[in-house]
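Engineer: I would like the atomic coordinates for the input below:
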Amino acid sequence: MSATKGRSGDPMFIATLIAEGLTAGQLSEAGDRLAAVGCAPGASRWIDEGRAADLEFAMHPDAARAALEGAFPACDVAVQPIAGREKKLLVADMDSTMITVECIDELADYAGIKPQIAEVTERAMRGELDFGAALDARVALLMGLSEGAIEQCLAERVKLMPGAKALVRTMRARGATCVLVSGGFTRFAEPVGAEIGFHRVIANRLGIADGALDGTVERPIVDSNTKLETLVAVRGELGLAAAETLAVGDGANDLAMIREAGLGVAYHAKPIVAAAAGVRIDHGDLTALLYTQGIAAKDWVRG
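Structural biologist: This is a model prediction of the structure:
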């Protein structure tokens with residue numbers, strides 16, 4: 001982010017604090033912290049009293065982020081330019097982002113091999129393994145699993161992340177386009193995307209033959225590059241500037257799109273992702289992404 005100052009010291013940046021039980025005293029302290037690192041703080045205001053607030057400032061956004069992150073208990077911090085903070089495109093990961101589980105790990109439980117699959121998933125999400133190769137290896141171990149296990153897993157294990165519907169439906173209602181791009185599988189992503197309210201869903205297709213998984217994934221694999229290409233392509237289709245886009249995910253295969261987005265968010269993410277993202281949400285649910293856009297709870301679409 002630029003560290004330039006606006007004309008006559010006008011605020012150019014905004015820091016959003018998000019926490020349950022946020023106090024006026026903490027906002028005052030946050031202003032003092034910004035002043036101490038030369039950010040020239042301006043006005044502060046509640047988005048929702050006791051839950052989220054904005055602090056305007058004029059310069060040094062990186063210093064602002066460093067001064068505020070970790071300063072208050074269980075508080076998420078978003079620092080960004082004021083201009084264009086409400087986004088017109090959302091590109092989101094699914095597993096452990098829009099839903100609470102990793103589908104392949106849960107599917108493996110029905111095959112009795114969850115521990116060994118989950119270990120590979122964790123390493124891949126941490127960026128320690130090539131995503132495509134790791135996906136092929138895990139799916140190969142599921143060969144012979146009944147196709148019926150997919151629907152059973154979807155019904156019994158797949159739960160929406162708190163705030164997922166409010167985030168997507170509110171952004172849609174305000175004119176944004178929402179795309180779910182998952183390194184998981186269409187048999188999960190399509191119903192999840194429909195339930196939440198995404199405009200488009202992109203995911204991998206499991207090979208199935210004679211009513212059972214055949215141990216393969218159809219090509220091309222949806223991977224990190226697919227996620228990045230989707231963000232860039234949809235942004236171009238809509239004629240949007242990079243600043244008007246938001247990407248959110250938790251794993252290493254989300255890094256490229258997170259870096260490309262105007263606001264890249266690491267959501268309860270692996271360390272490699274949290275370290276690289278412009279914003280980390282470590283405590284709140286997905287409605288934190290509405291607060292980062294300055295949207296108060298009274299304006300959320302929850303249905």
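Engineer: tell me the pLDDT at the residue lying farthest from the centre of the chain?
Structural biologist: Most distant from the centre of the chain: D210, at 36.6 Å, with distances by Cα atoms, centre = their mean. At D210, the model reports a pLDDT of 97.
Engineer: give the buried residues for stretch 128-145.
Structural biologist: For stretch 128-145, a neighbour-count test (16 or more other Cβ atoms under 10 Å) marks L129, F131, G132, A134, L135, R138, V139, L141, L142, L145 as buried. Every C-beta, even on glycine, is put in place using the N, C-alpha and C of the backbone.
Engineer: quick check: next helix or strand after the helix or strand containing the fifth one?
Structural biologist: Read that as L135. L135 belongs to helix 131-141 when elements are defined using DSSP states H and E. Heading C-terminal from helix 131-141, the first helix or strand you meet, by DSSP H and E, is helix 148-156.
Engineer: and that following helix, what's buried?
Structural biologist: Quick answer for helix 148-156 (16+ other Cβ under 10 Å): A149, I150, C153, L154.
Engineer: closest to P11 among these?
Structural biologist: Nearest to P11 out of those is L154 (Cβ to Cβ; 46.7 Å).
Engineer: regarding the nearest residue to the closest one once chain neighbours are set aside, what is its secondary structure?
Structural biologist: In this structure, L154 finds its nearest non-sequential neighbour in F188, 6.0 Å apart by Cβ to Cβ, 6 or more residues apart in numbering. F188 falls in the helix class when you classify it by DSSP: H, G, I helix; E, B strand; the rest coil.
Engineer: contacts only, for F188.
Structural biologist: By Cβ atoms under 8 Å, 6 or more residues apart in numbering, the contact set of F188 is M94, I99, C103, I150, C153, L154, V158, S182, A203.
Engineer: got those as TSV, with distance to R169 and pLDDT columns?
Structural biologist: TSV is the format used below for these (distance: Cβ to Cβ, whole Å; pLDDT from 0 to 100):
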residue	distance to R169	pLDDT
M94	16	98
I99	16	98
C103	22	97
I150	26	97
C153	25	97
L154	21	97
V158	19	98
S182	19	98
A203	20	98
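Engineer: tabulate these in TSV, adding columns for distance to A40.
Structural biologist: Formatted as TSV, the contacts of F188 follow (distance: Cβ to Cβ, whole Å):
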residue	distance to A40
M94	40
I99	42
C103	47
I150	55
C153	53
L154	51
V158	47
S182	42
A203	45
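Engineer: what are the bridge partners for D76, then?
Structural biologist: For D76, the beta-bridge partners under DSSP bridges are I18.
Engineer: what's the pLDDT at V248?
Structural biologist: Note for V248: predicted pLDDT of 98.
Engineer: just R302 next, same as before
Structural biologist: 89.
Engineer: ok, the nearest residue to R205 once chain neighbours are set aside to A137 distance?
Structural biologist: Once flanking residues are discounted, R205 sits nearest to E218: 4.1 Å by Cβ to Cβ, 6+ apart. Here E218 is placed at a distance of 16 Å from A137 (Cβ to Cβ, to the nearest Å).
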